[in-house]
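Participant: Sharing a model that was predicted from the sequence below.
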Amino acid sequence: MPINRREFINKSAATGAAVAVATAAGTTAASAAERNHGKHEKPKKTHSFSILGTSDLHSHVFNWDYYTDATYKDSAGDAVGIAKIATLVKKLRAEKGADRVLLIDAGDIIQGTSLAYYFARVDPITGTDGKPGPKHPMALAMNALQYDAAALGNHEFNYGIPVLRKFEKQLNFPLLGANALDAKTLKPAFHPYTVKHVRVHGAPDIKVGILGLTNPGIALWDKDNVSGEMAFPGLVEQAKKYVPKLRSLGCDVIFLSDHSGLDGSSSYGDSLPYIENASNLVAEQVPGIDAILVGHTHTNVPTYTVTNTETGKDVVLSEPFCYGKRLSVFDFELELEPHGRWKVTAVTSDTLSPAAEEEDPVITRLIKADHDLVVKYVNTPVGTCTEEMSAAEACWKDVPVMDFIQKVQMDTVAAGLSAADAALPMVSIAAPFSRTADIPAGDVTIRDIAGLYTYDNTLYGKKLTGAQLKDYLEYAAKYYAQVPAGTKVDTATLTNANSFWDYMYDTMAGVDYEIDIAQPIGSRVKNLTLNGAPVDDAQVFVIAVNNYRANGGSGYPHIATAEIAFSSTIEIRQTMIDYVVAKGALDPKDFAVSNWKLTQAGTPVF
């Protein structure tokens, strides 16, 4: 038995020699006992499991482009669709053990393709004329793949809350949104979290708490659908509330699914008090998180580490691109502690491409008929066009295909104005959503128009003054890189300056103007005129603009708070289709007007 040294120190000096001998012997015995004990100590029990993550699927089921009516292709060689993801998931489950794999999504599921539009508007899942609607193809696919949970994306709200609620009911797993609250009670309108158990033979289950967070920007972007119904506080604020709760429930692992990017930026500026892309801030400011599946920004981030400022612990984040082009894989290593709780000892992440995989036969069998139905629908001719109209140069030239959008918007708003507002001059605003869009000569189909106007936006008429109009254009002009006079303009580097993407850049019809790219930001708009005369700062205009921009999307000045003169619940795309049907034939001579151009110190660039 090891000897307690303190017992000997208090003994009398007369027995000092004996004390010295006894102490030495005891120390040697204790050391031997300790070494012997280390040799026979049982190793701690360890276990591993994985979480697979998708995000921003946007109703891509198959590797198909409904706008081109062909297999999806891009310059990177990527493929899209949950059908290919399914094959990769099944391989990983077989490799790792199905009982060691969870599958999570980070939102934006039910909008983005013609397939999504068809089951929201043409044959809606909510039903028509008292008849029940069909199952949403994404519900069928995700149920078949046995997802464990999904976070709400902002585009889940595009078709209104009833469509979203119906989709939610069709799922075999929870839609999570800890910061999607009932506007009246401020209580969660969706499940904030779910807890999953990973079984371990001969040991307690590993309890995995999964918290879902969506984007605060919904309050702006889908104001028409959520105002007065739902509220969206910040991700950090809600994570601080629910992460401790999940720990108190005995969760060994805390995993977040955030429909929010990871650079701390907001496209809407300070229009909201909460950050749009806050996943990095959540990891940094909220202790107790192990890993985060990131969505919303359509980027491929295999692994990204953020250190929590309070604990010093690293949090691993990963974002799997979009449309099913990547699958995030989080691998967790754990160790069983003496008190029976599991401790995370390591987390790694990566993203895998499913491009080389075959499409899963189960998903194909479930959804092929729906897909074929939508292919037939989008190839329906709605009229003709006298000549081809391409959007290839729409980002730096005034082209007829953009004037087509502007014409439809102005006509639609004008028809709905009061007599007083109808007397005001009108301007239309539209963004070049797709550089590959093309309205062909000859037959024009639904997919031709859908490829030009890819979003499900609706239309507003708002009022701005001449001074505000110029501010708006100056904000848009930051889209271009500054190119000094005398310097050759390269269209490959001209656009998307200042992280201002094509969908954020607006062109105008109804006034004439120039953008001088030789000038610094804020001093680029020149010769802004109406009917040949300079625009008066006090002149009031009616602005035809989509709901995303009208409600503050991309942070343009003045427009979000501007007076409303008109609004519609019909998608702009459908209004364009109706226009073609009514006209029978599109002729650019009816609407093409060159009213804006780029210059360098007054000299036209193109």
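Facilitator: Ah, there it is.

Participant: What strand or helix carries the closest residue to His298 other than its chain neighbours?
Facilitator: Across the structure, with CB to CB, 6 or more residues apart in numbering as the measure, the residue nearest His298 apart from its sequence neighbours is Cys322 (4.0 Å). Just so you know, the C-beta spots here come from the backbone N, C-alpha and C atoms, and that holds for glycine as well. Using DSSP states H and E, Cys322 sits within no helix or strand.

Participant: I'd like the distance between Cys322 and His60.
Facilitator: From Cys322 over to His60 the distance is 9 Å, taken as CB to CB, to the nearest Å.

Participant: Compare these two and say which is more crowded by neighbours.
Facilitator: When Cys322 and His60 are compared on other CB atoms under 10 Å, the one with more neighbours turns out to be His60, at 28 against 23.

Participant: Kindly confirm my reading that Ile51 is in a helix.
Facilitator: No. For Ile51, which was evaluated using DSSP: H, G, I helix; E, B strand; the rest coil, the result is strand, with no helix membership.

Participant: is it in a bridge, and if so with what?
Facilitator: Beta-bridge partners recorded for Ile51 (DSSP bridges): Leu102, Phe330.

Participant: What's the separation between it and Asp350?
Facilitator: For Ile51 relative to Asp350 (CB to CB), the value is 12 Å.

Participant: How about Phe500, nearest residue that isn't a chain neighbour?
Facilitator: In space, not counting the residues next to it along the chain, Phe500 is nearest to Tyr479; the distance is 4.5 Å by CB to CB, 6+ apart.

Participant: Please apply the same query to Val535.
Facilitator: Excluding the flanking residues, the one nearest Val535 by CB to CB, 6+ apart is Gly466, at 4.1 Å.

Participant: if we can go back for a sec, which residues do Ile51 and Asp350 both contact?
Facilitator: When contacts are counted by CB atoms under 8 Å, 6 or more residues apart in numbering, Ile51 and Asp350 are jointly contacted by Val329.

Participant: Between these two, which has more neighbouring residues?
Facilitator: Counted by other CB under 10 Å, Ile51 and Asp350 do not tie: Ile51 has more neighbours, with 27 against 14.

Participant: Touching, that one and Ser318? I think so.
Facilitator: No. Using CB atoms under 8 Å, Ile51 makes no contact with Ser318, being 9.7 Å away.

Participant: who touches both of the two?
Facilitator: Taking CB under 8 Å, 6+ apart as the contact definition, Ile51 and Ser318 share the neighbouring residues 291, 293, 329-330.

Participant: Just the buried residues out of those residues, in ChimeraX syntax.
Facilitator: The following ChimeraX command selects only the buried members of those, with burial defined by 16 or more other CB atoms under 10 Å:
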select :291,293,329,330
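
Participant: Mind putting the shared contacts of Ile51 and Ser318 into TSV with pLDDT?
Facilitator: Below are the shared contacts of Ile51 and Ser318 laid out as TSV (pLDDT from 0 to 100):
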residue	pLDDT
Ala291	99
Leu293	99
Val329	99
Phe330	99
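
Participant: ok, Arg326 to His58 distance?
Facilitator: As judged by CB to CB, Arg326 and His58 stand 14 Å apart.

Participant: Where does the prediction get shaky in the protein?
Facilitator: Using pLDDT under 70 as the threshold, the predicted model of the chain has low-confidence ranges 1-41.

Participant: more crowded one of Arg326 and His58?
Facilitator: Shown here are Arg326 and His58; by other CB under 10 Å, Arg326 has more neighbours (27 against 21).

Participant: So that one sits against Thr351, correct?
Facilitator: Yes. Contact status for Arg326 versus Thr351: in contact at 4.2 Å, counting by CB under 8 Å.

Participant: Report the set of residues contacting both of these two.
Facilitator: For the pair Arg326 and Thr351, residues contacting each of them under the criterion CB under 8 Å, 6+ apart are 300, 320.

Participant: now the helices: where do they sit in the stretch 501-606 of the chain?
Facilitator: The residue ranges that make up the helices of the stretch 501-606 of the chain, judged by DSSP state H, counting those that start in this stretch, are 547-550, 572-583.

Participant: Next, format those helices as a markdown table and append mean neighbour count.
Facilitator: A markdown table is the format used below for these (neighbours: other CB atoms under 10 Å):
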| stretch | mean neighbour count |
| --- | --- |
| helix 547-550 | 24 |
| helix 572-583 | 18 |
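
Participant: Generate CSV for the ones you listed, with distance to Ala601 as supplementary columns.
Facilitator: Supplementary listing: these in CSV, determined by distance: least, CB to CB, whole Å:
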stretch, distance to Ala601
helix 547-550, 30
helix 572-583, 36
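
Participant: Out of the ones you listed, the one nearest Val208 is which?
Facilitator: Between Val208 and the helices of the stretch 501-606 of the chain, the tightest spacing by CB to CB is seen for helix 547-550, at 35.7 Å.

Participant: Now tell me what touches the closest one from outside.
Facilitator: With CB under 8 Å, 6+ apart as the test, helix 547-550 has contacts from 221, 223-224, 429, 431, 455, 457-460, 462, 506, 554, 556, 559-560, 562, 567.

Participant: hmm, back to that, isn't the residue nearest to His298 right up against Thr54?
Facilitator: No. Here Cys322 does not reach Thr54: they are 9.4 Å apart, not a contact under CB under 8 Å.

Participant: give the contact list for the residue nearest to Lys91 when sequence neighbours are not counted.
Facilitator: Computed as CB to CB, 6+ apart, the closest residue to Lys91 that is not its neighbour in sequence is Glu357, at 7.8 Å. Shown here is Glu357, whose contacts under the criterion CB under 8 Å, 6+ apart are 84, 87-88, 91.

Participant: again, only using 10 Å
Facilitator: Contact criterion CB atoms under 10 Å, 6 or more residues apart in numbering gives 63, 79, 83-91, 327 as the residues in contact with Glu357.

Participant: Show me what the residue lying closest to Thr487 once chain neighbours are set aside is bridged to.
Facilitator: The shortest distance from Thr487 to any non-neighbouring residue, by CB to CB, 6+ apart, is to Gln600 (7.6 Å). In this structure, Gln600 has beta-bridge partners Thr603, where bridges are defined by DSSP bridges.

Participant: surely Tyr118 meets Asp372?
Facilitator: No. Using CB atoms under 10 Å, Tyr118 makes no contact with Asp372, being 11.5 Å away.

Participant: and the two? which has more neighbours close in?
Facilitator: When neighbours are counted by other CB under 10 Å, Tyr118 and Asp372 differ, and Tyr118 comes out ahead with 21 against 10.

Participant: can you tell me how far the more buried one sits from Ala585?
Facilitator: Tyr118 sits 26 Å away from Ala585, taking CB to CB as the criterion.

Participant: about what we covered before: surely the residue nearest to Thr487 meets Pro484?
Facilitator: Yes. The pair Gln600 and Pro484 passes the contact test of CB under 10 Å, sitting 7.6 Å apart.

Participant: Quick check: neighbours shared by the two?
Facilitator: With contacts taken as CB under 10 Å, 6+ apart, Gln600 and Pro484 have 517-519 as neighbours in common.

Participant: Tell me the secondary structure at the residue most central in space within the chain.
Facilitator: Geometric centre of the chain, nearest residue: His296, 1.9 Å, by CA atoms, centre = their mean. Here His296 takes the coil state, with states given by three-state DSSP.
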